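Novice: Sequence and computational prediction follow.
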Protein chains: 2
Amino acid sequence: MSIITIIGAGQMASALSFPATENNNKVRLVGTPLDRNIIDTAKATGFHTTLKRQLPKIGIEYYQIEDVNKAIEGADVVICGVSSFGVDWFADNILSIIPENTPILSITKGMVNGEDDKMINYPHYFLSKVPSNKKLSISAVGGPCTSYELADKDNSEVVFCGDDINILRMFKSLFETSYYHISLSTDIVGVECAVALKNAYALGVSLAIGLAIGFDGSGKEHYNSQAALFGQSLKEIKHLLKLAGGGEENIIYSGGDLYVTIFGGRTRKVGTLLGQGFSFEQTMKKLKGVTLESIVIATRTARYVRGLAKRGIVKLSDFPLIIHVDDIINSGAKVDIPWKAFESEKI
Amino acid sequence: MSIITIIGAGQMASALSFPATENNNKVRLVGTPLDRNIIDTAKATGFHTTLKRQLPKIGIEYYQIEDVNKAIEGADVVICGVSSFGVDWFADNILSIIPENTPILSITKGMVNGEDDKMINYPHYFLSKVPSNKKLSISAVGGPCTSYELADKDNSEVVFCGDDINILRMFKSLFETSYYHISLSTDIVGVECAVALKNAYALGVSLAIGLAIGFDGSGKEHYNSQAALFGQSLKEIKHLLKLAGGGEENIIYSGGDLYVTIFGGRTRKVGTLLGQGFSFEQTMKKLKGVTLESIVIATRTARYVRGLAKRGIVKLSDFPLIIHVDDIINSGAKVDIPWKAFESEKI
């Protein structure tokens, strides 16, 4: 039995309470300032208002953010459960109060641009925010897993990555169940790059859905064009993985994660609306209130690619899909998939 | 303008007449002995009975098999348009009547087991059937493209592979249109392996659909488990590509093709029924009359893997998904996905 303090009570963070409590761990679920209502309701009724599920009856304690110190005290591990929009909040407010010997596991997928617009994954970004005299161990979760289906105990394969294989094995022992399957990898750069990029490219693949159903939405969904964009996505991600210094075998995580994200909700919606012919502004208006990590990650990926191109390391024409996505969302370009630019000749 | 003789009037072969005639080529569509009715109806009405589309009005001539010699006479290229079940028929009856200087392009996806159960792709299999004093050039088509959507002019990205890049470029010039996009590769082994295997693994991924909807079909489709099997498929295909001597970059064709095949028709149906809990015999009965290339290719892939394992080159445990699929279809095993066997540790 371990004490697992999860900070952030969003859907995925809260869904982790299922495997965690099933293994007889004690979960302390701490809401961020944005999760006040989620925590209040869950405390009163056990119901999670955005995950739309009853959380496990036994083994969870709920905390508002004021009590975060109490929630961390005595915890064996801390889970960073914020979305990519909460990363700075977590870095600024929480990292400083986590004791040195308490391993952290982050579920946040994404990356930021560092110097020269390089891609920096969140575990490394967090570490850059910690005073140099404080040592923290920050691992992360990747792989295709939607929160609803985890809560429903669908079989899911994820990967935990981090510097220390023994810490990863410990995390695995906390969460591994008959339906939550966990691979381990010390290739943080590779895993995190593979899973961060899938959000950007899921948006790209979804453009084909919108193109097929048309502006009035009455058309029939096609798969050839989606498959073409899926293949091109894998091609560009493979290239980016190599540039970032991640192992190319991580492409399997991008593939699975891309697959599930296209059937997910939000990212598919953005790409579909854009593909239908709505402008980026119209699309944003229609999806008001929805957090759009795919927009952020697509923008950042394109910035990374443009930075590399500027320094002569790649050609922009090696990344026609992400550059087009970026042009659509950041420069008002109309959707016009550069199909011919995807063609290659391998001799 | 070129004369393109397509032998085999099935769905994909016939769908190719759209890009071919759009480029002002003359198509001679020759039915196999099994396509008699398709040719008769198309000749009379232009309607293709299994593709369920009107074929192009201009530029196609229809031939029954008795007139195959006439159809080949003067042809600039010949397309092998049979399914994998017609490969031996094509090898035995057609290869011998194709002149040496007439390039062949095969659309058949799959492979056979050769000596030591090795995988032999169809272009190489065909060449092994040609008398050694006859020189034929046989290229092939890979990549994600369903016939219906090609006929509907959905954007599709395919890859033509063959020994001779100039012949490939010539083929590309015949078929390339605003919706049919063609990459070229001289890595026949890699491309053909990548696209053949997707049928086997699409069956594997589809098991998760059946498991989710249950025996009575009333359950809700899940994606985490499909994504897990999708990722595992890419992992095993990557490994097989390497063993076969194909370039690992071809994984992008497997990915796209796997994606479209899971939404396709027949392979998805087999996997779903098996996943629901129907035995292989019951599944075959329900799908009576449907050609099931996925069954054949899964069996052959497993045979290849077992052959390698016997010779100490791989461990069966490196390929848990395809071995389980093989056990289901060839040894009466119940569906019981070996989730834990998919887990890995990378240090």
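Specialist: Arrived safely, thanks for sending.
Novice: So for stretch A:55-73, what gets flagged as buried?
Specialist: By neighbour count with 16 or more other C-beta atoms under 10 Å in any protein chain shown, stretch A:55-73 contains the buried residues A:55-56, A:59-60, A:62-65, A:67-68, A:71-72. Using the backbone N, CA and C atoms, a C-beta is placed for each residue, glycine as well.
Novice: In strands, which of these appear?
Specialist: Members of those lying in strands (criterion: DSSP state E): A:60, A:62-63.
Novice: where exactly do the strands run in the stretch 201-347 of chain A?
Specialist: Under the criterion DSSP state E, counting those that start in this stretch, the stretch 201-347 of chain A carries strands at the ranges A:345-346.
Novice: for the stretch 151-300 of chain A, which spans come out with low pLDDT?
Specialist: Scanning the stretch 151-300 of chain A with the threshold set as pLDDT under 70 gives A:264, A:289, A:291.
Novice: do that again at 80, thanks
Specialist: Applying pLDDT under 80 to the stretch 151-300 of chain A picks out residues A:264-265, A:289-291.
Novice: Just the helices from it, written as ranges.
Specialist: Counting by DSSP state H, counting those that start in this stretch, the stretch 151-300 of chain A has these helices, from start to end: A:165-175, A:188-213, A:224-244, A:251-262, A:266-276, A:280-286, A:293-310.
Novice: residues in contact with the first one?
Specialist: Outside helix A:165-175, the residues within contact range by C-beta atoms under 8 Å, 6 or more residues apart in numbering or on different chains are A:2, A:4, A:16, A:19-20, A:23, A:25, A:77, A:103, A:105, A:137, A:139, A:160-162, A:182, A:184-186, B:345, B:347.
Novice: Just the CA atoms of that helix, as CSV, please.
Specialist: The C-alpha trace of helix A:165-175 is given here as CSV (Å, rounded to 0.1, in the frame of the first residue of the first chain):
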residue,chain,number,x,y,z
ILE,A,165,14.4,2.1,-14.3
ASN,A,166,13.9,1.2,-10.6
ILE,A,167,11.7,4.1,-10.0
LEU,A,168,9.8,3.2,-13.2
ARG,A,169,9.3,-0.3,-11.9
MET,A,170,8.1,1.0,-8.6
PHE,A,171,5.5,3.2,-10.4
LYS,A,172,4.5,0.2,-12.5
SER,A,173,3.9,-1.8,-9.4
LEU,A,174,1.5,0.9,-8.1
PHE,A,175,-0.6,1.1,-11.3
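Novice: For it, which residues meet the burial criterion?
Specialist: A:167-168, A:170-172, A:174-175.
Novice: and what of the last one?
Specialist: Under the neighbour-count criterion of 16+ other C-beta under 10 Å, helix A:293-310 has A:293-309 buried.
Novice: one step back: just name the closest of the ones in strands among the buried residues of stretch A:55-73 to chain B, please.
Specialist: Using C-beta to the nearest C-beta, residue A:60 is the member of those that lies nearest chain B, at 21.9 Å.
Novice: Contact partners for the closest one?
Specialist: Contacts were defined as C-beta under 8 Å, 6+ apart; by that measure residue A:60 touches A:17, A:21, A:27-29, A:42.
Novice: Can you tell me which residue is spatially central in chain A?
Specialist: With distances taken as C-alpha atoms, centre = their mean, residue A:109 lies nearest the centre of chain A, 2.6 Å away.
Novice: ok, back up a step: which ones among the contacts of residue A:60 map onto helices?
Specialist: A:17, A:21, A:42 (DSSP state H).
Novice: excluding its backbone neighbours, what's nearest the second one?
Specialist: Excluding the flanking residues, the one nearest residue A:21 by C-beta to C-beta, 6 or more residues apart in numbering or on different chains is residue A:59, at 3.5 Å.
Novice: right, and that neighbour touches residue A:23 too?
Specialist: No - between residue A:59 and residue A:23 no contact is recorded; they are 9.3 Å apart, counting by C-beta atoms under 8 Å.
Novice: quick revisit: show the overlap between the buried residues of helix A:293-310 and what lies near chain B.
Specialist: With C-beta under 8 Å from any C-beta of the partner chain as the criterion, these include none near chain B.
Novice: What residues does the spatially closest residue to residue A:161 that is not a sequence neighbour make contact with?
Specialist: The spatial neighbour of residue A:161 that comes closest, neighbours along the chain excluded (C-beta to C-beta, 6+ apart), is residue A:191 at 4.0 Å. Shown in contact with residue A:191 (C-beta under 8 Å, 6+ apart): A:140, A:142, A:159, A:161, A:185, A:246, A:250, A:253.
Novice: Touching stretch A:302-317 from outside, list them.
Specialist: Contacts made with stretch A:302-317 from outside it, assessed by C-beta under 8 Å, 6+ apart, are listed as A:113, A:116-119, A:239-240, A:243, A:319, A:322-323, A:325-326, A:330, A:341.
Novice: That one - what's its average pLDDT?
Specialist: Per-residue confidence for stretch A:302-317 averages out to 97 on the pLDDT scale.
Novice: Show the end-to-end separation of that stretch, please.
Specialist: Stretch A:302-317 has its terminal residues 12 Å apart, counting by C-alpha to C-alpha, to the nearest Å.
Novice: Which positions in the stretch 51-200 of chain A make contact with chain B?
Specialist: Proximity of the stretch 51-200 of chain A to chain B is assessed by C-beta under 8 Å from any C-beta, with A:143-146, A:149-150, A:152, A:154-157, A:165, A:179, A:181-187 identified as the residues in range.
Novice: could you flag which of those are buried?
Specialist: When neighbours are counted using 16+ other C-beta under 10 Å, these contain these buried positions: A:143-146, A:149-150, A:152, A:154-157, A:179, A:181-187.
Novice: hmm, back to that, between the buried residues of helix A:165-175, which sits nearest residue A:34?
Specialist: Proximity of those to residue A:34 was ranked by C-beta to C-beta; the top entry is residue A:175 with 24.6 Å.
Novice: If we only consider the ones in helices among the contacts of residue A:60, which is nearest to chain B?
Specialist: The nearest one, if we look at those relative to chain B and count by C-beta to the nearest C-beta, is residue A:17, at 16.6 Å.
Novice: what about that closest one, neighbour count?
Specialist: For residue A:17, the neighbour count with other C-beta atoms under 10 Å in any protein chain shown is 27.
Novice: do residue A:245 as well
Specialist: One way to gauge burial is a neighbour count; for residue A:245, by other C-beta under 10 Å, it gives 11.
Novice: hang on, it packs against residue A:188?
Specialist: No - look at residue A:245 against residue A:188 with C-beta under 8 Å: they stay out of range, at 10.4 Å.
Novice: Break down the stretch 51-200 of chain A into its strands, ranges please.
Specialist: So, for the stretch 51-200 of chain A - with DSSP E, counting those that start in this stretch - the strands run A:53-54, A:60-63, A:77-80, A:104-106, A:111-113, A:119-121, A:138-142, A:156-161, A:180-185.
Novice: ok so, going back, return a ChimeraX selection command for the buried portion of the contacts of stretch A:302-317.
Specialist: Selecting in ChimeraX just the buried members of the contacts of stretch A:302-317, where the criterion is 16+ other C-beta under 10 Å, is done with this command:
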select /A:117,119,239,240,243,319,322,323,325,326,341
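Novice: By pLDDT, rank the contacts of stretch A:302-317 and give me the bottom one.
Specialist: For the contacts of stretch A:302-317, the weakest pLDDT value sits at residue A:116, with 90.
Novice: how far away is it from chain B?
Specialist: Counting by C-beta to the nearest C-beta, to the nearest Å, the separation of residue A:116 from chain B is 27 Å.
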